[in-house]
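K.L.:
Take a look and give me a structure for this.
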Amino acid sequence: MISIQAIDDRSAAVASLDPIKSRLLEELAEPGSASSLAAKVRLPRQKINYHLRALEAVGLVSLVEERRRGNMTERLVQATAASYVISPSVLDPVAPDPARFSDRFSAFWLLALASRMVGELGQLIAGAAKADRQLPTFGIDGDLSFRSAADRTAFVEELGTAVARLVDTYSSPADTPGGRRHRLIVALHPTPKESTSHPTSKEKHSEH
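P.N.:
This next block holds a predicted model:
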């Protein structure tokens with residue numbers, strides 16, 4: 001099982017969005033059978049088995065083991081990943097295209113870049129898993145506050161200058177022997193305000 005799988009097949013995306021199948025994927029972080037899952041989600045074993053077969057057909061569940069139990073063969077299956085994200089390629093040809101936006105201050109361009117990154121990383125992770133290799137990636141995630149819009153503008157200018165200098169220093173021609181192109185994305189956006197109008201599932205349980 002990998003940590004995150006990018007779903008790039010439309011049938012798999014539809015299956016993952018089904019409430020029952022989504023619940024089964026959650027429960028299948030560890031191997032399980034139709035019988036064991038039926039007790040957890042309170043549905044008939046036959047119905048669970050139908051959903052498991054559908055998930056297996058689109059590659060979201062894989063067979064772990066088959067074992068005999070009396071006159072029956074019990075199939076143990078497991079989700080192919082701990083978490084899933086739907087790749088924008090599923091929506092092709094209406095997936096966001098960064099080429100349609102060229103304004104580095106555009107939120108739409110930033111979203112298109114993020115969508116492209118999800119799709120590309122999904123492909124790379126799948127390829128690396130098959131080859132049993134690690135990907136040379138790096139990321140920074142942090143929160144910061146600005147006293148004013150002027151400070152934010154100054155920060156963006158300094159950040160852009162610093163990144164441009166690093167790119168000039170280390171970037172080599174695309175045809176350099178042994179070299180490989182890498183994608184660099186630097187993003188800055190406001191942090192969404194937390195909503196207090198809708199309690200989380202944990203909060204709902206704590207109220208009872």
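K.L.:
ok, how many other residues are close to residue 193?
P.N.:
Using other CB atoms under 10 Å, residue 193 has 6 other residues around it. Any C-beta I mention is one placed from the backbone N, CA and C, and that applies to glycine too.
K.L.:
For the residue sitting nearest the centre point of the chain, pull up the helix or strand it's in.
P.N.:
In the chain, the centroid-proximal residue (CA atoms, centre = their mean) is residue 85; its distance is 3.1 Å. When elements are defined using DSSP states H and E, residue 85 is found to belong to strand 81-86.
K.L.:
Send me that strand as PDB with only the CA atoms.
P.N.:
Extracted C-alpha coordinates of strand 81-86, given in PDB (Å, rounded to 0.1, in the frame of the first residue of the first chain):
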ATOM      1  CA  ALA A  81      -3.500   3.400  -0.900                       C
ATOM      2  CA  ALA A  82      -4.000   5.000   2.500                       C
ATOM      3  CA  SER A  83      -5.400   8.200   0.900                       C
ATOM      4  CA  TYR A  84      -6.600   9.200  -2.500                       C
ATOM      5  CA  VAL A  85      -6.800  12.400  -4.600                       C
ATOM      6  CA  ILE A  86      -8.600  12.700  -7.900                       C
END
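K.L.:
I'd like the average pLDDT over the helix or strand following that strand.
P.N.:
For strand 81-86, the following helix or strand on the C-terminal side (DSSP H and E) is helix 107-131. Mean pLDDT, helix 107-131: 91.
K.L.:
re the thing from before, now for the strand holding residue 85, which elements pack on it?
P.N.:
Strand 81-86 is packed against strand 2-7, helix 10-17, with contacts defined by 3 or more CB pairs under 8 Å, 6 or more residues apart in numbering; DSSP states H and E.
K.L.:
What is the neighbour count of residue 155?
P.N.:
13.
K.L.:
ok, the residue nearest to it when sequence neighbours are not counted to residue 157 distance?
P.N.:
What sits nearest to residue 155 in space, not counting adjacent residues and going by CB to CB, 6 or more residues apart in numbering, is residue 146, at 6.8 Å. Remark: distance between residue 146 and residue 157 (CB to CB, to the nearest Å) = 13 Å.
K.L.:
who's more crowded, these two?
P.N.:
Set residue 146 next to residue 157 and count neighbours by other CB under 10 Å: residue 146 wins out with 14 against 10.
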